[in-house]
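Asker: sequence and predicted structure below; questions after.
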Amino acid sequence: MELIPFLGAALLFGIGLFALVFKRNLIKIAMGLSIIDSGVNLFLIALGYRSNGIAPIFTTAPVSNAQAAATMVLPAPQALTLTSIVIGLAVSALMLSLAVLLFKHYGSADARKIRGLRE
Amino acid sequence: MSGLSKIVKNVASVFIVPGLIFGAYVVAHGHLTPGGGFQGGTIIATTLALLLVAFGEKSFRKAIGKNALAMLESLALFGFIGIAFLGLQSSFFNNFLSNSGSLFGQSVQFGVNEGNINSAGVIPLMNFMVGIEVASGLTIIVIAMYSGWGERK
Amino acid sequence: MISFILQHAPALCLATPLLFAFLTPLADKAGSRVRKAFVFLGILLTALTVFTLAQNVILQGARVYTMGASSPALTLPSGMTLPVRIILEIDAFSALMASLALLVAFFAVVYSFRFMKGNSLGKFYSLFFVMLAGLIGLVFTGDLFTLFVFFEILSISSVALVAYWYKRKKSVEAAFKYLLISSVASLCLLFSIGLLYGEYGLLNIAALAASMRLSFVTMVALGLLLAAFSMKAGAAPMHYWLPDAYGEAPTPITVMLGIATLSSLYALLRVLFTLFGSFSLLPVAGWVLICLGVVSMFVGVTMALKQDDIKRLIAYTAVSQAGFIFVGVGVGLATINSPALFSAFGENALKGGLFHLVNHGIYEALLFFSAGAVIYATGKRRLSSLSGLARKMPFTTVFFLVGAMAIAGIPPMNGFASKILIYESVYRFNPLLTVLALVVSVLTAVPFVKAFSSAFLGPEMAEFKKTKEVPMGMLLGMAVLAVIAVLFGLLPGLVVETIIAPAVNALASQAAYVGVVL
């Protein structure tokens, strides 16, 4: 039962990889990269799960330290995932802007027709 | 690109105020509830993007210029790193305001309580700076993508 | 004052470029002279801070800086057994890498004052400083996740800089391809950091190194890390982005991209030697590096033979020289578990590899600067339309000649010194590798003979009557780098003893790294 988030992450990774490798439209390639990003973020969040855990908030925690440490979900992967989401946003913004510029220059969004750089 | 119909314009102008206030709320309470600088800034940027789509590019440019947004972004980033430098008596990024009794400096009590907004030191200030920066940065990206790089055709 | 700077130097090295990056758009509004002065001040301050710190670390051993603690060296507050904050750790190898990066970056900024034309260059310098901050952060960090964050900062800002001349079709296309490969590499990196965190619950490099054990998950993580960093370092099956990005970027950015590639190599070495230092399957990784190196050497040099564009030619030979570094380091890695073999020739191979890394940075920068000077003076990039520039541009000709001799490994230059170190030690490991390396070295001279004779020698063409030598600002960087190349070639023993040997010792002994933190 605990494996379902990991299977979901693997599935998202697979779908994103398929879109990245086999699709020709530039916007679809950017979307594939974004889906792979979501898959890796889901994997990171699922690492911190503890069954019957509570949210890692200091002001709602039980008073004794040992009790709190045993039942809180790990907070570090949450910070990692937030950072990764922000980085994914920056990469998506840059990739989409470059795709728009390429469409303006070459007149087509097909990756096979964008061959200005040969050899 | 002159914007959408009258109904959309009216509804959008009613919706700006709750949207911006909600974004400011998420930024301000970042050290107590889920949220913080980046999340709140994105909400503000989304509201401004709604304005852009509803009113069209020319009216948006007249109200909020790209230069003002770029200036705001640089100033907010400078504020962020300035606060980080201020902690340099102990080490870089030191939280010199927490538990100190001044601006955001009350200590947090143990046990279950509802949380005090006047705590956590330097973190709410940095949230504020990051919120302004993300909002203006994302709005500039949205304007650039919408109108095709404006004056630099 | 000096002791304050020395105490907080790691954080200041990181914070100064960021501060100047954030303020440059404001300085740009005040006019282009103010902007130039401001940018020059920024790069000068950063260079001085980095060189001070580097000298301190090479002479006195590794240093640690804890961000946000009550004192910079407090890594384990109040009796904890594992470090809890973000820690920067600087040892001799990081200091070497950072000094090389700042040397090249300083001259790239001075070069770009004349090379880049246009009015609103505020964004260019702002992105340049962000890229520099990402690079310094990458070499100074002691924490795996901060490595990922700075790696991303470096990649994204360098993509934006490659596409800076966005009105040219080819720049945007090259930037798109570079962004795609770079994102796939960083996703592999994030995935393997997630795996390591899930297995051990730690992110600090020193703490992870102390608690590393053999398991399937760790092997997968090692493989993914190797793949991610080799993709960004331009190793052979994944080198396709390198000639495009290097060829179509503005010349100061091409030089910084070369340094960025070398810092991906730094990250690879840091992970392999320090993080996985006590891993028993490390020799396998060494052999993988050797294979990647050999393939890169051949692919790079054969593709360089048929290039017509001058910057793409140099970029392909850069791929080939990176292959040399991989082979040297791979031999050092493959023998690290057996102390007898290591002290016999493995250590020399590692010294050769690191010396070649430093030399590679220097002569690649020199070659790209002189190619950029040719493009600035004549406006043309293709070798078939250039001829006889030696009379009009004598200094550029000499600097290009020095760079070409250095890369081909001809005696008074530094390329020869590091290559002979690699040949000697690799021969005792496996003679076949030395033969391959010698063949590639001979073949490297060929594209440069072609480039030199077709661009600089020969009859003068009519359209070049009015070209003159490039301005002094651009020549200064080339002159200093050429002098350093010759000096390193004439005094290799001194250089290896004072700069390279501490770096090799810092890299090969994992215990020293861990001991500073825990």
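Answerer: Structure's in. What do you need? Just so it is clear, the model here is predicted, and its values are computed rather than measured. Residues are numbered from 1 along each chain as shown, chains lettered A, B, ... in the order given.

Asker: give me the below-cutoff pLDDT ranges for chain B.
Answerer: Residues of chain B meeting the criterion pLDDT under 70: B:1, B:148-153.

Asker: can you tell me which residues in it are near chain A?
Answerer: B:32, B:38, B:108, B:110-115, B:141, B:144-145, B:148 (C-beta under 8 Å from any C-beta of the partner chain). Using the backbone N, CA and C atoms, a C-beta is placed for each residue, glycine as well.

Asker: any chance of CSV for these, columns neighbour count?
Answerer: Converted to CSV, the residues of chain B next to chain A look like this (neighbours: other C-beta atoms under 10 Å in any protein chain shown):
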residue, neighbour count
B:Leu32, 18
B:Phe38, 22
B:Val108, 15
B:Phe110, 12
B:Gly111, 9
B:Val112, 12
B:Asn113, 11
B:Glu114, 7
B:Gly115, 16
B:Ile141, 18
B:Ala144, 16
B:Met145, 14
B:Gly148, 13
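
Asker: which of those fall within strands?
Answerer: Residues of those located in strands (DSSP state E): none.

Asker: in helices, which of these appear?
Answerer: Residues of the residues of chain B next to chain A located in helices (DSSP state H): B:Phe38, B:Ile141, B:Ala144, B:Met145.

Asker: show me what counts as buried in stretch C:431-446.
Answerer: C:Leu433, C:Thr434, C:Leu436, C:Ala437, C:Val440, C:Ser441, C:Leu443, C:Thr444, C:Ala445 (16 or more other C-beta atoms under 10 Å in any protein chain shown).

Asker: how about stretch C:449-456?
Answerer: C:Lys450, C:Ala451, C:Phe452, C:Ser454, C:Ala455, C:Phe456.

Asker: just the CA trace of it, in PDB.
Answerer: As requested, the backbone C-alpha atoms of stretch C:449-456 are provided in PDB (Å, rounded to 0.1, in the frame of the first residue of the first chain):
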ATOM      1  CA  VAL C 449      47.400  23.700 -38.400                       C
ATOM      2  CA  LYS C 450      44.600  24.000 -40.800                       C
ATOM      3  CA  ALA C 451      42.900  26.800 -38.800                       C
ATOM      4  CA  PHE C 452      46.100  28.800 -38.300                       C
ATOM      5  CA  SER C 453      47.300  28.600 -41.900                       C
ATOM      6  CA  SER C 454      44.000  29.400 -43.400                       C
ATOM      7  CA  ALA C 455      43.100  32.300 -41.100                       C
ATOM      8  CA  PHE C 456      46.400  33.900 -40.500                       C
END
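
Asker: need the residues of chain A near chain B, please.
Answerer: Counting by C-beta under 8 Å from any C-beta, chain A sits next to chain B at A:58-63, A:82, A:86, A:93, A:96-97, A:100, A:104.

Asker: show me what from chain A comes close to chain C.
Answerer: Counting by C-beta under 8 Å from any C-beta, chain A sits next to chain C at A:20, A:26, A:29, A:33, A:36-37, A:40, A:43-44, A:47, A:76-77, A:80, A:83-84, A:87, A:90-91, A:94-95, A:98-99, A:101-102, A:105-106, A:114, A:116-117, A:119.

Asker: show me which of those residues are buried.
Answerer: Judged by 16+ other C-beta under 10 Å, buried ones among the residues of chain A next to chain C: A:20, A:26, A:29, A:33, A:36-37, A:40, A:43-44, A:47, A:76-77, A:80, A:83-84, A:87, A:90-91, A:94-95, A:98-99, A:101-102, A:105-106, A:114, A:116-117.

Asker: so C:Val64: helix, strand or coil?
Answerer: Of the three states, C:Val64 takes strand under DSSP: H, G, I helix; E, B strand; the rest coil.

Asker: once you drop chain neighbours, what's closest to the residue sitting nearest the centre point of chain B?
Answerer: A centroid search over chain B (C-alpha atoms, centre = their mean) returns B:Gly131, at 2.7 Å, as the residue closest to the centre. Once flanking residues are discounted, B:Gly131 sits nearest to B:Val27: 3.8 Å by C-beta to C-beta, 6 or more residues apart in numbering or on different chains.

Asker: do C:Ile193 as well
Answerer: Per C-beta to C-beta, 6+ apart, closest to C:Ile193 is C:Leu144, 5.2 Å.

Asker: you'd agree that neighbour is up against C:Leu195?
Answerer: No - using C-beta atoms under 8 Å, C:Leu144 is not in contact with C:Leu195, being 11.0 Å away.

Asker: contacting residues for C:Thr146?
Answerer: Applying C-beta atoms under 8 Å, 6 or more residues apart in numbering or on different chains to C:Thr146 gives the contacts C:Ile86, C:Gly137.

Asker: so it is in which element?
Answerer: helix C:144-162 (DSSP states H and E).

Asker: which bits of the stretch 1-150 of chain C sit near chain B?
Answerer: Counting by C-beta under 8 Å from any C-beta, the residues of the stretch 1-150 of chain C that sit close to chain B are C:8, C:11-12, C:14-15, C:18-19, C:22-23, C:25-26, C:65-72.

Asker: buried ones only from those, please, as a ChimeraX command.
Answerer: Per 16+ other C-beta under 10 Å, the buried members of the residues of the stretch 1-150 of chain C next to chain B correspond to this ChimeraX selection:
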select /C:8,11,12,14,15,18,19,22,23,25,26,65,66,67,68,69,72
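
Asker: so C:Ala221 sits against C:Leu195, correct?
Answerer: Yes - counting by C-beta under 8 Å, C:Ala221 touches C:Leu195, with 4.5 Å between them.

Asker: which one's more surrounded, the two?
Answerer: C:Ala221 (24 against 19; other C-beta atoms under 10 Å in any protein chain shown).

Asker: any stretches of the stretch 1-150 of chain C with poor pLDDT?
Answerer: C:119.

Asker: start to end distance for stretch C:268-282?
Answerer: End-to-end span of stretch C:268-282 (C-alpha to C-alpha, to the nearest Å): 13 Å.

Asker: I'd like the distance from it to the chain centre, please.
Answerer: On the basis of C-alpha atoms, centre = their mean, to the nearest Å, stretch C:268-282 sits 20 Å off its chain's mean C-alpha point.
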